[in-house]
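Colleague: Let me see the structure of the following:
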Amino acid sequence: MTTIALNRGVRHGFTLAWRGMLKIRKNPEQLMDVTIGPIILLLLFTYIFGGALAGSIDGYLQMLVPGILVMNILQASMTAGVQLNTDVSKGVFDRFRAMPIARSAPLIGAVLADVVRYVVCVLVLLVVATVMGFRVQTGPVELLIAVGLAIVFGLCFCWAAVFVGMLLKTPQAVQGVMIVLIMPLTFGSNVFVGTATMPGWLKAWADISPVTLMSDALRGLLNGGAIAGPLVGSLIWMAAAVAVFFPLAMWAYRKRV
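Modeller: Numbering: from 1, shown residues only. Alright, predicted model coming up:
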């Protein structure tokens, strides 16, 4: 894809992203997975496992919140693939083909519209965590950087969901495959526990996992501590995700429609 075509796709994508945001406004129940879901996970893991894993609920909460934020952002990213698959199945893309827009615009628009979902997810999680006792140990600048980084992380890995959404035939299949991919990725990391007690083969992966690296970067920004190493690793993973899954998503899209 040339630079001119990509710029045209992004410009038209913003227009279609507004369409996606209007759909959320008319059907706010679409936000349940980024509001109710994160709250349930936060409550369950904090109050059931916090004392056993960290010795105190407050200590575990400081470690858990950045990690569970990454987990929920990843889970929220699967919705773009499901919704795109639904639009294709209902013939919406037939109308897009008849419009004078870039071929990539529907995909880019769906990904950009997900920013609303990520922002809601982050805000809900941080507000509830604060009520439970979580405290940002750094400052407002670090907090804003952490929020922005989490949202960009979701946008980058969202392209994997878009690829799966264009590849499979039904929305149910897309959701099932994405859950199978996301659950091992999140639980095979340091979101809930440190990697020191893991088997060697699992620890080797968990230490370099994009979820682990992003969780550590957010912990550094929110709690204080090392940031540079995890941040560099996270940026590499994010760039690789876009470099791999954006072309694959466009290939699957052209093949599908």
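Colleague: Give me the neighbour count for Gly224.
Modeller: 13 (other CB atoms under 10 Å). Where you see a C-beta, it was placed from the backbone N, CA and C, and this is true even at glycine.
Colleague: How is the nearest residue to it once chain neighbours are set aside assigned, secondary-structure-wise?
Modeller: In this structure, Gly224 finds its nearest non-sequential neighbour in Gln137, 4.9 Å apart by CB to CB, 6 or more residues apart in numbering. Here Gln137 is coil, with the state taken from DSSP: H, G, I helix; E, B strand; the rest coil.
Colleague: Below-threshold pLDDT in the protein: ranges please.
Modeller: Low-confidence regions of the chain, defined by pLDDT under 70, span residues 1-30, 92-104, 257.
Colleague: for it, what spans make up the helices?
Modeller: In order along the chain, the chain carries the following helices (DSSP state H): 3-26, 36-44, 50-54, 57-89, 92-97, 105-132, 140-167, 171-187, 200-206, 210-223, 228-256.
Colleague: what's the closest of these to Val193?
Modeller: With respect to Val193, and counting by CB to CB, the nearest of these is helix 50-54 at 6.0 Å.
Colleague: what's the distance between the closest one and the middle of its chain?
Modeller: With CA atoms, centre = their mean, to the nearest Å as the basis, the distance from the averaged C-alpha position of helix 50-54 to the chain average is 26 Å.
Colleague: Mind giving me the packing neighbours of that helix?
Modeller: Taking 3 or more CB pairs under 8 Å, 6 or more residues apart in numbering; DSSP states H and E as the contact definition, the neighbouring helices and strands of helix 50-54 are helix 57-89.
Colleague: buried residues in the helix it packs on?
Modeller: 60-85, 87-88 (16 or more other CB atoms under 10 Å).
Colleague: returning to that earlier point: right, so the helices of the chain: which one is the most enclosed?
Modeller: Most buried of the helices of the chain by mean neighbour count (mean count of other CB atoms under 10 Å) is helix 210-223; its value is a mean of 24.
Colleague: can you list contacts of that one?
Modeller: The set of residues that contact helix 210-223 without belonging to it, under CB atoms under 8 Å, 6 or more residues apart in numbering, is 62-63, 65-67, 69-71, 74, 136-138, 142-143, 145-146, 149-150, 153, 157, 185-186, 188-191, 195, 206, 225-227, 229-231, 233-234, 237-238, 241.
Colleague: repeat that with 6 Å
Modeller: Around helix 210-223, the neighbours that count as contacts under CB atoms under 6 Å, 6 or more residues apart in numbering are 62, 66-67, 70, 136-137, 142, 145-146, 153, 185-186, 189-191, 206, 226-227, 230-231, 233-234, 237.
Colleague: Over to stretch 239-254?
Modeller: Here stretch 239-254 makes contact (CB under 6 Å, 6+ apart) with 107, 156-157, 159-160, 162-163, 166-167.
Colleague: Those: which two are farthest apart?
Modeller: Greatest spacing in these, by CB to CB: Cys156 and Leu167 (18.6 Å).
Colleague: okay, now Thr46: neighbour count?
Modeller: Thr46 is flanked by 22 other residues according to other CB under 10 Å.
Colleague: Now do the same contact list for Cys156.
Modeller: When the contact criterion is CB under 6 Å, 6+ apart, the partners of Cys156 are 238, 241-242.
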